[in-house]
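Colleague: for reference, the sequence and a predicted model appear below.
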Amino acid sequence: MPILNGALLCDAAHDYNGLVSILGGFINIVNVSALPVMAPIWYAARVGFDVDEQQIERREIIVRARDSRNQTLAEVRAHLRRDEIRAAQAASQAPELVAGVNLAFPFPFPIVAEGVYWVDLLVDGELLSALPLRVNLLQPTP
């Protein structure tokens, strides 16, 4: 089974040679003044693979946003080959980490109503993480 070292929603993130820097981490509430709007978030995570997992030739990683009705609003897919995972580990400035991949990217998705949205991480179809994002519509002040 893949190893989830961590996953979060944030204001920004960047991968510096295997180490991820995060700004405004652990966002779980967004206040908006109007709808519809694009979610102003980034996604950051690290997925590791133990020695047995590294033997699998090809991995599929999916990050998706969904609403409370389980409708997919946005999705990012990546396919990793075994040699890419090993090369990333060899180039990393943090070789003590389990071989794996860092994910750090902007992840806007359409928000059309108040409520709870979810950002999921799947590896080879297996759900590793489901992060909630509560959206509140601010009422104008008189």
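Modeller: Looks like it arrived, so ask away.

Colleague: C-alpha only now, for contacts and for neighbours.
Modeller: Noted.

Colleague: from the centroid of this structure, which residue is nearest?
Modeller: Nearest to the mean C-alpha position of the chain, counting by C-alpha atoms, centre = their mean, stands Tyr43 at 4.0 Å.

Colleague: quick one: terminal-to-terminal distance for stretch 121-140?
Modeller: Using C-alpha to C-alpha, to the nearest Å, the end-to-end distance of stretch 121-140 comes out at 35 Å.

Colleague: oh, that last question was meant for stretch 23-42, not what I typed.
Modeller: End-to-end for stretch 23-42, by C-alpha to C-alpha: 10 Å.

Colleague: stretch 99-117 now?
Modeller: The first-to-last residue distance of stretch 99-117 comes to 31 Å (C-alpha to C-alpha).

Colleague: buried set for that stretch?
Modeller: 99-111, 114, 116-117 (16 or more other C-alpha atoms under 10 Å).

Colleague: looking at these, spot the one nearest Leu137.
Modeller: Closest approach to Leu137 among the buried residues of stretch 99-117 (C-alpha to C-alpha): Glu114, at 6.1 Å.

Colleague: dump the residue contacts of the closest one.
Modeller: 134-137 (C-alpha atoms under 8 Å, 6 or more residues apart in numbering).

Colleague: between these, which is nearest Met1?
Modeller: Taking these together and measuring to Met1 by C-alpha to C-alpha, the closest member is Arg134, at 29.5 Å.

Colleague: gap between the closest one and Trp42?
Modeller: Distance from Arg134 to Trp42, by C-alpha to C-alpha: 15 Å.

Colleague: with neighbour numbers in mind, choose between those two.
Modeller: Trp42 (23 against 14; other C-alpha atoms under 10 Å).

Colleague: OK, contacts around the nearest residue to the more buried one once chain neighbours are set aside?
Modeller: Taking C-alpha to C-alpha, 6 or more residues apart in numbering, and ignoring the residues beside it in sequence, Trp42 has Pro106 as its nearest neighbour in space, at 4.0 Å. Going by C-alpha under 8 Å, 6+ apart, Pro106 touches 12, 41-43.
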